[in-house]
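*Asks:* next comes the sequence, and after it the predicted model I'd like to discuss.
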Amino acid sequence: MNSKSIIEKEVQESQYIDIRNICSINGSAKFDPNTNITTLTEAINSQAGAIAGKTALDMRRDFTLVADIYLGSNSGGADGIAIAFHRGSIGFIGTMGGGLGILGAPNGIGFEIDTYWKATSDETGDSFGHGQMNGAHAGFVSTNRNASYLTALAPMQKIPAPNNKWRVLTINWDARNNKLTARLQEKSNDASTRTASPRYQTWELLNPAFDLNQKYTFIIGSATGAANNKHQIGVTLFEAYFTKPTIVANPVDIELGTAFDPLNYEPIGLKATDEVDGDITKDITVEFNDVDTSKPGPYRVTYKVVNSYGESDEKTIEVVVYTKPTITAHDIAIKKDLAFDPLNYEPIGLKATDPIDGDITDKIAVKFNNVDTSKPGKYHVTYKVINSYEKIDEKTIEVTVYTKPTIVAHDVAIKKDTAFDPLNYEPIGLKATDPIDGDITDKITVESNDVDTSKPGAYSVKYKVVNNYEEIAEKTIAVTVPVIDDGWENGDPQGWKFFSGETITLEEDEENALNGKWVFYADKHVAIYKQIELKNNNPYQITVYVKPEDEETVAHHIVKVSFKSDSAGQESEEILNERLIDAEQIQKGYRKLTSIPFTPTTIVPNKKPVIIVENFLAGWIGGVRIIVEPTK
């Protein structure tokens with residue numbers, strides 16, 4: 001009820017509201033929880049009963065109080081009922097008797113309904129004709145202007161004497177217009193007693209001396225003396241802006257065995273605030289606490305806080321000590337394209353247990369599952385189980401769908417005598433990747449490697465990689481050491497000879513050399529040869545670089561290349577026969593003549609085959625390039 005408008009309406013069996021949350025019942029007053037009616041006095045002499053507010057009102061805001069009151073059946077009985085709004089402390093009760101329990105309330109303004117016939121003995125000399133009133137009357141009064149009696153603040157009006165009928169009292173405060181009004185109306189609707197127009201009276205007090213910046217509380221009092229009557233009240237509506245403090249505390253569930261301090265258990269969100277005092281959480285006390293976290297079950301904690309004005313609030317929360325169930329489930333890895341049922345895949349080891357319910361595996365449900373075994377990747381399955389106490393456990397596992405890794409490696413050609421490390425030769429572009437493990441190049445191993453860069457030829461390297469799921473990938477590449485012979489840039493004839501057996505002579509002629517400054521020149525038809533180690537079934541290719549002495553002769557300048565599988569044999573295989581005019585022109589007047597690939601099949605072991613180059617007219621040979629053709 002802190003800092004908000006409260007509108008109480010009819011509740012369940014009773015037409016009246018239970019006011020005990022904002023009021024205390026004092027003296028002879030008795031509250032009937034079955035009807036929500038408070039009997040302030042019985043029809044007994046010298047009774048005094050009061051309902052005192054446990055909270056305060058914000059007078060800057062309107063309020064309305066509507067109550068049914070019963071003044072008794074004795075038309076000459078005493079003393080009546082009064083209600084006052086005052087600056088006294090919470091629970092204040094004033095002078096009884098003629099003071100009706102409101103006399104003496106500090107800075108108070110009340111509304112008295114006085115039924116005592118001899119009122120003049122109490123109110124002699126009062127204003128607005130109060131002292132001259134005889135019999136039942138009502139009106140607005142000051143509670144502390146005179147210490148001996150209630151002082152009228154506006155004209156009094158006579159009212160019907162007690163007649164065994166209930167009446168409706170309405171008190172309304174209009175803060176904007178600074179006006180306090182009261183209305184009193186007979187409640188009887190019995191056909192035999194009902195008048196054509198129900199009787200009602202109104203009172204108005206303009207500019208009452210309320211300090212709108214201060215809190216006010218209230219009291220409803222009644223008394224009997226030498227004369228008596230039964231006095232009762234039932235509140236049907238109290239719409240007001242109450243300023244009592246407010247405790248905020250949330251009910252909590254606590255796992256078995258958890259340490260619990262009701263004032264310092266964060267999930268409760270314990271806090272107390274007051275519109276004037278601000279945060280008063282430090283003033284909260286525990287009125288009741290039966291929590292035992294060693295035993296499952298529901299418990300209660302009741303908190304109380306009192307502000308500087310004496311207003312209080314209480315809040316009771318439920319604390320449930322529970323034992324939640326437990327799901328057991330393991331992360332798994334599953335091969336691509338395998339069937340997968342998250343509730344029936346044995347490697348998961350799915351199980352749910354509860355200390356009280358036992359095995360509740362059959363209650364497990366799948367809350368989330370995005371596993372797609374058609375695509376490698378990491379997925380998740382979330383399981384959920386609820387025990388008989390509505391306590392929940394959830395478990396998320398990771399499901400890895402795996403497949404083979406992939407090795408990327410390119411065939412390469414390597415120059416003779418080049419250093420070669422199959423794991424670190426950049427042109428190979430060696431790399432291994434896995435959809436799950438990522439880059440696993442560092443896990444690649446060489447399963448076989450017959451590469452010998454000292455000898456031209458075709459070789460192979462076989463790689464292997466294993467991912468974290470023991471899946472294997474293998475890749476074999478071709479490594480070719482292609483260049484058997486490559487000219488004579490350094491002046492070395494490289495074993496080329498005339499058929500006379502003499503080694504050819506190279507001339508130092510930078511102007512006519514293809515590369516560098518060394519070149520072979522013949523002024524007429526010449527044939528040269530070289531014994532070379534070749535292998536059967538390996539493809540080879542030969543390129544000859546020739547520059548004619550006379551460019552005019554290119555149309556009939558022929559270059560021929562032959563192959564003999566046995567240098568001592570008579571048979572040879574022609575692998576190139578081309579005129580210079582048909583050859584590719586390159587730098588420095590040279591023509592490039594390249595044979596088609598040829599594959600020896602008749603080489604005899606321990607016999608060195610021969611390559612023969614014939615240049616049919618005068619000119620320069622810049623080099624002879626013999627390579628091993630890479631296998632596609």
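*Replies:* Thanks, I have it.
*Asks:* what's the domain layout of this structure?
*Replies:* Here the domain assignment for the chain is 4-242, 246-322, 329-399, 406-481, 484-628, based on automatic domain parsing.
*Asks:* so which of those is the most surrounded?
*Replies:* When you average the neighbours per residue for each of the domains of the chain (mean count of other C-beta atoms under 10 Å), domain 4-242 leads with a mean of 19. For every residue, glycine as well, the C-beta is placed using N, CA and C.
*Asks:* relative to the whole chain's centre, how far out is that domain?
*Replies:* Between the centre of domain 4-242 and the centre of its chain there are 56 Å (C-alpha atoms, centre = their mean, to the nearest Å).
*Asks:* pLDDT below threshold where in the protein?
*Replies:* Flagging of the chain using pLDDT under 70 yields the residue ranges 1-14, 117-127, 129, 131-132, 188-198, 630-632.
*Asks:* gap between the two ends of stretch 151-170?
*Replies:* With C-alpha to C-alpha, to the nearest Å as the measure, the ends of stretch 151-170 fall 21 Å from one another.
*Asks:* actually stretch 154-173, not the one I typed
*Replies:* 16 Å.
*Asks:* for the stretch 451-600 of the chain, which segments count as strands?
*Replies:* Secondary structure of the stretch 451-600 of the chain (DSSP state E, counting those that start in this stretch): strands at 457-466, 472-481, 483-486, 497-498, 507-508, 518-522, 526-531, 540-548, 558-564, 573-579, 584-585, 591-594.
*Asks:* is Q201 in a bridge, and if so with what?
*Replies:* Legend: beta-bridge partners of Q201 under DSSP bridges are L184.
*Asks:* how close does it sit to W496?
*Replies:* Per C-beta to C-beta, to the nearest Å, Q201 is found 142 Å from W496.
*Asks:* same question for L256.
*Replies:* Remark: distance between L256 and W496 (C-beta to C-beta) = 96 Å.
*Asks:* now swap in V306 and tell me
*Replies:* Distance, V306 to W496, by C-beta to C-beta: 117 Å.
*Asks:* likewise T445?
*Replies:* With distances taken as C-beta to C-beta, T445 is found 43 Å from W496.
*Asks:* next one: L103
*Replies:* Remark: distance between L103 and W496 (C-beta to C-beta) = 141 Å.
*Asks:* contacting residues around the residue nearest to K324 when sequence neighbours are not counted?
*Replies:* Spatial nearest neighbour of K324, excluding adjacent residues (C-beta to C-beta, 6 or more residues apart in numbering): K391 at 4.2 Å. With contacts taken as C-beta atoms under 8 Å, 6 or more residues apart in numbering, K391 has the following neighbours: D253, Y322, T323, K324, P325.
*Asks:* filter those residues down to just the ones in strands.
*Replies:* Cross-referencing the contacts of K391 against strands under DSSP state E gives D253, Y322.
*Asks:* for A175, which non-adjacent residue is spatially closest?
*Replies:* What sits nearest to A175 in space, not counting adjacent residues and going by C-beta to C-beta, 6+ apart, is D62, at 5.3 Å.
*Asks:* am I right that S448 is in a helix?
*Replies:* No - going by DSSP: H, G, I helix; E, B strand; the rest coil, the assignment for S448 is strand, not a helix.
*Asks:* list the beta-bridge partners for it.
*Replies:* Under DSSP bridges, the beta-bridge partners of S448 are K462.
*Asks:* gap between it and Y463?
*Replies:* In this structure, S448 and Y463 are 9 Å apart, going by C-beta to C-beta.
*Asks:* for N449, same thing?
*Replies:* Plainly put, N449 is 9 Å away from Y463 if you go by C-beta to C-beta.
*Asks:* equivalent analysis for K336, please.
*Replies:* To Y463, K336 is 22 Å away according to C-beta to C-beta.
*Asks:* what of K165?
*Replies:* Applying C-beta to C-beta to K165 and Y463 gives a distance of 108 Å.
*Asks:* SS state for G98?
*Replies:* For G98, the reduced secondary structure class is helix; criterion used: three-state DSSP.
*Asks:* I'd say it and D79 touch.
*Replies:* Yes - in this structure, G98 is within contact of D79 by C-beta atoms under 8 Å, at 6.3 Å.
*Asks:* just the helices in the chain please.
*Replies:* 120-123 (DSSP state H).
*Asks:* the residue of it positioned farthest from its centre and K608, how far apart?
*Replies:* Of all residues in the chain, S500 has its C-alpha farthest from the mean position, at 91.3 Å, by C-alpha atoms, centre = their mean. Relative to K608, S500 is positioned 19 Å away (C-beta to C-beta).
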